[in-house]
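Student: I would like to see how this sequence folds:
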Amino acid sequence: NFADTTSLTLERMVGATDVDNLALTDTVNIVDATATYNATLTYTAAGVTGATDSATVNLDGVTAGADIELVGAIETVTVATSGSASALADLVLDNGTTALNISAGADLTVATTLTIASVETLTVSGAGDVTLSADLDVDTATVNASGATGDVSIQSGDVDAAAAVAGVDVADFTATMGSGDDTVDLTSFDADDEFSVSLGAGDDTLTLEDGADGVVDNANAAGTLVADIATGGDGTDTISTATATGALQTTAATGLSGFEVLSFYDQLANSVTVANYQTGLSVTLTDGASAGTLVMEAGSQTVNISGV
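Tutor: Residues are numbered from 1 along each chain as shown. Down below sits the predicted model:
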């Protein structure tokens, strides 16, 4: 009879485990799970009828390749890591979950699948490094990692358009990063998406989409289109994009500031005016150049070339 049990620790687990009838007050600890571990944690339907339900799953030393799924309309799910680093292949949340909090006391990686179909807000805190290799959902419009001191890497989804406020356009995706060396990847954006990104301290990277979808737009006079905005902050901050995108950036972006480096992740084969991103940038060509041209500002400028 486990009716009065309030804490469940799953340690050194192998293969599939289904745990049913969990209560929101139960503490769930998954410790030293193997790469083949596949856990489905189901919360009682009667216990998740509120509008502000929350639950926490604690991870310690989960081996890369493990899968975790939470079932139940829990509005806020917290994944907390401690001790040794944990790495999941898949993290799957219920459609009723609208907020995901990651409290990173140790490193956390989600490598393959991140199913967060209704999550609107992702919050990351703690000193551990957090790497989410899969795209966020189209509904995930807000990322708040301001409380993170570890390195945080996220990939936005092709976000849904945000509703205008009093007829004025607003950013579709907002990310506020912390003091680590962070990466915000916007390569799933399309041309109709606008972003507002504050990278904070650390040596950070903003990665833009390839082609026309990666052009940094300015606001229009009517207010029906808001500008793309990104601030690098302290540290050495990098704008990373493709040379074809750089060639399409024919208008000087008004919303980029605080960056030090413009980096192209493919071979330079186009003409790019560097100052159309921001003045004062050095350039890094990670795959060298073929027939491309860099139009630099007057004065002494720096171009770093690798891959040749």
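Student: Give me the distance between residue 236 and residue 303.
Tutor: 16 Å (CB to CB, to the nearest Å). (Glycine included, C-beta is placed from N, CA and C.)
Student: And residue 198, by the same measure?
Tutor: In terms of CB to CB, residue 198 sits 28 Å off from residue 303.
Student: Same drill for the two, tell me which one is more crowded.
Tutor: residue 198 (18 against 14; other CB atoms under 10 Å).
Student: Specify the beta-bridge partners of residue 18.
Tutor: residue 40 (DSSP bridges).
Student: what mean pLDDT does stretch 90-107 have?
Tutor: Taken as a whole, stretch 90-107 carries a mean pLDDT of 97.
Student: The protein: helices as residue ranges?
Tutor: With DSSP state H as the criterion, the chain has helices at 243-248.
Student: okay but residue 39 is in contact with residue 62, surely?
Tutor: No: at 9.4 Å, residue 39 does not count as touching residue 62 under the criterion of CB atoms under 8 Å.
Student: Could you list the low-pLDDT ranges of the stretch 201-308 of the chain?
Tutor: 308 (pLDDT under 70).
Student: run the last query once more with 90
Tutor: Judged by pLDDT under 90, the stretch 201-308 of the chain has its weakly predicted residues at 209-213, 220-225, 288-291, 306-308.
Student: dump the residue contacts of the nearest residue to residue 145 once chain neighbours are set aside.
Tutor: Nearest non-adjacent residue to residue 145, counting by CB to CB, 6 or more residues apart in numbering: residue 124, 4.0 Å away. Neighbouring residues of residue 124 by CB atoms under 8 Å, 6 or more residues apart in numbering: 101-102, 104, 130, 143-145, 147-148, 152, 178.
Student: and for residue 39 and residue 62, which residues touch both?
Tutor: Joint contacts of residue 39 and residue 62 (CB under 8 Å, 6+ apart) are 30, 33.
Student: neighbour-wise, which of the two wins?
Tutor: Using other CB under 10 Å, the more surrounded residue of residue 39 and residue 62 is residue 62, with 28 against 22.
Student: I'd like to know how far the more buried one sits from residue 282.
Tutor: Relative to residue 282, residue 62 is positioned 40 Å away (CB to CB).
Student: and if you look at residue 288?
Tutor: 16 Å.
Student: Nearest spatial neighbour of the residue nearest the centre of the chain, chain-adjacent residues omitted?
Tutor: For the chain, residue 154 is the residue whose C-alpha lies nearest the centre (CA atoms, centre = their mean; 2.0 Å). Among residues not flanking residue 154 along the chain, residue 132 sits closest, at 5.2 Å (CB to CB, 6+ apart).
Student: Can you get me a residue count around the one you found?
Tutor: Residues near residue 132, counting by other CB under 10 Å: 23.
Student: What does the pLDDT read for it?
Tutor: 98.
Student: Just confirm it contacts residue 114, I think it does.
Tutor: Yes: the criterion here is CB under 8 Å, and residue 132 meets it with residue 114 at 5.9 Å.
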